[in-house]
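A.B. asks: fold the stuff below for me.
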Amino acid sequence: MKIRWTGQIGRMRTLPLHFMILPGLALVLIYCYGPMIGIAMAFERYIPTRGITGSEWIGLDNFRYLLDMPDSMDVLRNTIVISFMKIVVGLFVPIVVALLLNEVRKESFKRGIQTMIYLPHFLSWIILGGVLIDILSPTNGFVNDILGWFGIEPIYFLGSNNWFRVVLVTSDVWKEFGFNTIVYLAALTGINPSLYEAAIVDGANRWKQTFHVTLPGMLPIIVLLAVLSLGNVLNAGFDQVFNLYSPQVYETGDIIDTFVYRTGLVETQYGVATAAGLFKSVVSCIFVIAAYVMAYRFANYRIF
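C.D. replies: Here you go, the predicted structure:
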């Protein structure tokens, strides 16, 4: 009886903490689950004046129309290619930078570099998009001015299908690699220093210590981040692409999110746009579930 009374007292004490969840829960219900009513538009010939309940139900016709569109496969291919490029490069660069910073012995310099590479993470793509448009301009851009010193003709980076994906991946990695670098540096602090001492006794130089001690110690977090990144395989970055692309690079730069934006808000084909968004959400959900299953299997990571 005493144990039951103690448990009730403990629950009463934590009750205010549970009430603190209510505002966040309300926001999730209103802005995440409430709009799901609009999924019905994917199966209707939606007309705004009639609303969701008054529009004609057409089943899977919007999905068939979407698949028959000439550029739908190009959009899907661009999304997958750009996402995978960002995942691969975005995984490799922070590892290299973390290993290099780990070798720096002057703490003030090390912390200064960490701060500098982390700052772009807080800048929006509205700001960075304007900066990139200016420095990559073929007429007065800083990059083309440098290329001109070596006799190279100006390159229209943001208007060339050969260069647009390179710009997307490079700028995205530059913006985000500082955050992942800090994650890997935190993983490095968990490596037992005695392993390095044993490696030195065995005659291992810095390279061998890196390959035989440092990288194996980082491997669990590397596997975890790599697996979890698979959940973003259809998220190629709407904010970035929308602020940088133009009709000249639709062939290699148009992704599902920008396609949905143009189809729904510009061309007012609400049903088709909703069908495309629903397709992306379902596939992304499958990838997220698979990513967490793999994360539990290979990195022993669990949400619950």
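
A.B. asks: which stretches of this protein have low pLDDT?
C.D. replies: Along the chain, segments meeting pLDDT under 70 span 1-11, 299-304.

A.B. asks: center of this structure, which residue is that?
C.D. replies: Asn232 (5.8 Å; CA atoms, centre = their mean).

A.B. asks: thinking that residue is in contact with Ile82, fair?
C.D. replies: No. Asn232 sits out of contact with Ile82 when judged by CB atoms under 8 Å, with a separation of 11.1 Å. The C-beta positions use only the backbone N, C-alpha and C, and glycine is treated the same way.

A.B. asks: how about the strands in the stretch 1-150 of the chain?
C.D. replies: 44-45, 56-57 (DSSP state E, counting those that start in this stretch).

A.B. asks: who's in contact with the first one?
C.D. replies: Think strand 44-45. 52, 55-58, 61-62, 271 (CB atoms under 8 Å, 6 or more residues apart in numbering).

A.B. asks: the residues you listed: which two are farthest apart?
C.D. replies: Longest distance between any two of the contacts of strand 44-45 is 16.4 Å, between Ile52 and Asp61; criterion CB to CB.

A.B. asks: just give the closest residue to the residue nearest to the centre of the chain, not the sequence neighbours.
C.D. replies: Among residues not flanking Asn232 along the chain, Ser83 sits closest, at 6.5 Å (CB to CB, 6 or more residues apart in numbering).

A.B. asks: got it, and Gly231?
C.D. replies: Of all residues not flanking Gly231 in the chain, Val288 sits nearest, at 3.9 Å (CB to CB, 6+ apart).

A.B. asks: does that neighbour sit in a helix or strand, and which one?
C.D. replies: Assigned by DSSP states H and E, Val288 belongs to helix 270-299.

A.B. asks: packing partners for that helix?
C.D. replies: Under the contact criterion of 3 or more CB pairs under 8 Å, 6 or more residues apart in numbering; DSSP states H and E, helix 270-299 touches helix 61-68, helix 215-228, helix 256-261.

A.B. asks: out of the ones you listed, flag the one nearest Gly141.
C.D. replies: Nearest to Gly141 among the helices and strands packed on helix 270-299 is helix 256-261 (23.6 Å), distances taken as CB to CB.

A.B. asks: would you mark the buried spots in that closest one?
C.D. replies: In terms of neighbour count (16 or more other CB atoms under 10 Å), helix 256-261 has its buried residues at 256-261.

A.B. asks: ok, stretch 46-58 next?
C.D. replies: 46, 55.

A.B. asks: could you do stretch 65-76 as well?
C.D. replies: 66, 72, 75-76.

A.B. asks: centre of the chain to that stretch, how far?
C.D. replies: With CA atoms, centre = their mean, to the nearest Å as the basis, stretch 65-76 stands 23 Å off its chain's centre.

A.B. asks: try stretch 246-261
C.D. replies: Offset of stretch 246-261 from its chain centre (CA atoms, centre = their mean): 17 Å.

A.B. asks: swap in stretch 280-297?
C.D. replies: With CA atoms, centre = their mean as the basis, stretch 280-297 stands 14 Å off its chain's centre.

A.B. asks: contacts for that stretch next, please.
C.D. replies: Residues outside stretch 280-297 that contact it (CB under 8 Å, 6+ apart): 224, 227-235, 256-257, 260, 301-303.

A.B. asks: which of the residues you listed are buried?
C.D. replies: Buried, going by 16+ other CB under 10 Å: 224, 227-235, 256-257, 260, 301, out of those.

A.B. asks: just those now: which is nearest Val93?
C.D. replies: Of all the buried ones among the contacts of stretch 280-297, Val93 sits closest to Ser229, with 13.2 Å by CB to CB.

A.B. asks: relative to Ser284, how far out is Ala26?
C.D. replies: Separation of Ala26 from Ser284 (CB to CB, to the nearest Å): 25 Å.

A.B. asks: from the neighbour counts alone, determine which of the two ranks first.
C.D. replies: Each of Ala26 and Ser284 has its neighbours counted (other CB atoms under 10 Å); Ser284 has more, 16 against 10.

A.B. asks: want to throw the contacts of strand 44-45 into CSV with distance to His18?
C.D. replies: Compiled in CSV, the contacts of strand 44-45 are given as follows (distance: CB to CB, whole Å):
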residue, distance to His18
Ile52, 35
Ser55, 41
Glu56, 45
Trp57, 41
Ile58, 45
Asp61, 46
Asn62, 42
Gly271, 41
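
A.B. asks: specify which member of those residues is nearest to Leu123.
C.D. replies: Using CB to CB, Gly271 is the member of these that lies nearest Leu123, at 36.1 Å.
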